[in-house]
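*Asks:* Fold the following, please.
(chains A and B, ligands or ions: 1)
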Amino acid sequence: MILLPCPWCGPRNVAEFGYVGEAGPRPDPASAGPEEWRGYLYGRANPCGWVAESWYHRMGCRRYISVERHTLSNEVRPLATEGAGR
Amino acid sequence: MSDHVRRAASADARGPIARSPIAPAPPVAAVAGWEVSARRSDADLTVTDLTPLAKVQVKAPWDGALAGTLGGPFGRAERSASFEDAEGDDEDVLVVGSGPGEWLALGSPGTAPDLVERLERLAARLPNPEFVTVVDLTHGRALIRIAGERTPDLLAKVCGIDLGETVTPNGAAFRSSVARLAVDVVRYDRDGTRSYLLHCERSSGQYLFDALLDAGGEFGAEIDGFVEPGLS
Ligand SMILES: [Zn+2]
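*Replies:* Sure, this is the predicted structure:
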């Protein structure tokens, strides 16, 4: 079982969350070209190592949270980002 | 004939207009327009359908002015002082901080329209306007109460949260997976006896009720019917 550290609810079973995907900055809609949008929407780095991810706490606070997960060991550590609230 | 049965019998003449998603265990009576179970149990662990209670959801900024006035911060359930009437009587409204910027107000059956109005008035009186929504969820959700010393043992079979005194003391509120459903759980002890309120989507009500009875079987769980006002 993976425990995800929710900044609102505390550590919770991963089954309470929806997986959103690798977190990354959204391109500027005013200047981004099709290539950049394609990369943002469909391109994934999928590294063997630490990756920043978004998860949705659908059975808890119903907020999006960000964590860092090691894709080999599934070790998880919190990642402080805006929108986490506290 | 006890008082609640007599009242139920008189309401029965008008006939119920509302039904809980949870089929009432016979005998069936009508209370405040709701079809409810009039079964009585003095078992050590009881499961009660409290769906007839008024349930109103409030959403507002989690760090805003309404959050300060409403009571029941995230993770806590409180009788709110904002709901005292002019005489200072406790109007039996329980405010549950069910999420960040999300509250659930529980009141006696039939009081939902009044509760909505008072919550809207409360929001309108804020010094600085903020975005607030007040929605009557009474007929869209199910509410179940389990009571008895073994309720933590029952809940531990279907929920992963630490039910110990340090993490979830009396008045604690959280939303988590209960029997694989997203359920608002409120620790609500009655006369020193452990009790929990469980609030879920209406369509999951019967399933949750059955799952709790099933999990409580080994502890002798029995159905106890609805008695006004519901939240004693
Ligand atoms: Zn959460």
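*Asks:* How about the contacts made by the spatially most central residue of chain A?
*Replies:* Nearest to the geometric centre of chain A sits A:Ser54, at 1.5 Å (CA atoms, centre = their mean). Contacts for A:Ser54 (CB atoms under 8 Å, 6 or more residues apart in numbering or on different chains) come out as A:20-23, A:64-66. Using the backbone N, CA and C atoms, a C-beta is placed for each residue, glycine as well.
*Asks:* 6 Å instead, please
*Replies:* By CB atoms under 6 Å, 6 or more residues apart in numbering or on different chains, A:Ser54 lies in contact with A:20, A:23, A:64, A:66.
*Asks:* Could you verify my assumption that the last one touches A:Ala23?
*Replies:* Read it as A:Ser66. Yes - here A:Ser66 lies in contact with A:Ala23, judged by CB atoms under 6 Å, at a distance of 5.4 Å.
*Asks:* So, low pLDDT: which residues of the chain?
*Replies:* Using chain A. For chain A, the stretches with pLDDT under 70 are A:80-86.
*Asks:* wait, chain B
*Replies:* In chain B, residues with pLDDT under 70: B:1-15, B:81-91.
*Asks:* Around chain A, pick out the residues from it.
*Replies:* Within chain B, the residues that sit near chain A (CB under 6 Å from any CB of the partner chain) are B:99-100, B:160, B:175, B:177, B:182.
*Asks:* Return the member of these nearest to A:Ile2.
*Replies:* Of all the residues of chain B next to chain A, A:Ile2 sits closest to B:Gly160, with 12.5 Å by CB to CB.
*Asks:* right, and the closest one touches A:Asn13 too?
*Replies:* Yes - the pair B:Gly160 and A:Asn13 passes the contact test of CB under 6 Å, sitting 5.3 Å apart.
*Asks:* Quick check: the residue of chain B found nearest chain A vs the ion, distance?
*Replies:* Residue of chain B nearest chain A, by CB to the nearest CB: B:Ala182 (4.0 Å). Separation of B:Ala182 from the ion (CB to the ion, to the nearest Å): 11 Å.
*Asks:* Which residue, other than its chain neighbours, is closest to that residue?
*Replies:* If the residues on either side of it in the chain are set aside, B:Ala182 comes closest to A:Met59, at 4.0 Å by CB to CB, 6 or more residues apart in numbering or on different chains.
*Asks:* Could you list which residues are in contact with that neighbour?
*Replies:* Counting by CB under 6 Å, 6+ apart, A:Met59 has contacts A:16, B:177, B:182.
*Asks:* just A:Arg69 next, same as before
*Replies:* A:Arg69 touches A:51, A:53, A:76, counting by CB under 6 Å, 6+ apart.
*Asks:* What sits closest to it if chain neighbours are left out?
*Replies:* In space, and not counting its chain neighbours, A:Arg69 is closest to A:Val76: 5.0 Å by CB to CB, 6+ apart.
*Asks:* and the one you found, how many neighbours?
*Replies:* Counted with other CB atoms under 10 Å in any protein chain shown, the neighbours of A:Val76 add up to 18.
*Asks:* okay but it is in contact with A:Val67, surely?
*Replies:* Yes - counting by CB under 6 Å, A:Val76 touches A:Val67, with 5.3 Å between them.
*Asks:* Quick one: buried ones out of the contacts of A:Ser54?
*Replies:* A:23, A:64, A:66 (16 or more other CB atoms under 10 Å in any protein chain shown).
*Asks:* Going by distance to B:Thr46, which of the residues you listed wins?
*Replies:* Checking these one by one against B:Thr46 (CB to CB), the nearest turns out to be A:Tyr64, at 38.8 Å.
*Asks:* in the sheet, who's paired with the closest one?
*Replies:* On the basis of DSSP bridges, A:Tyr64 is bridged to A:Tyr56.
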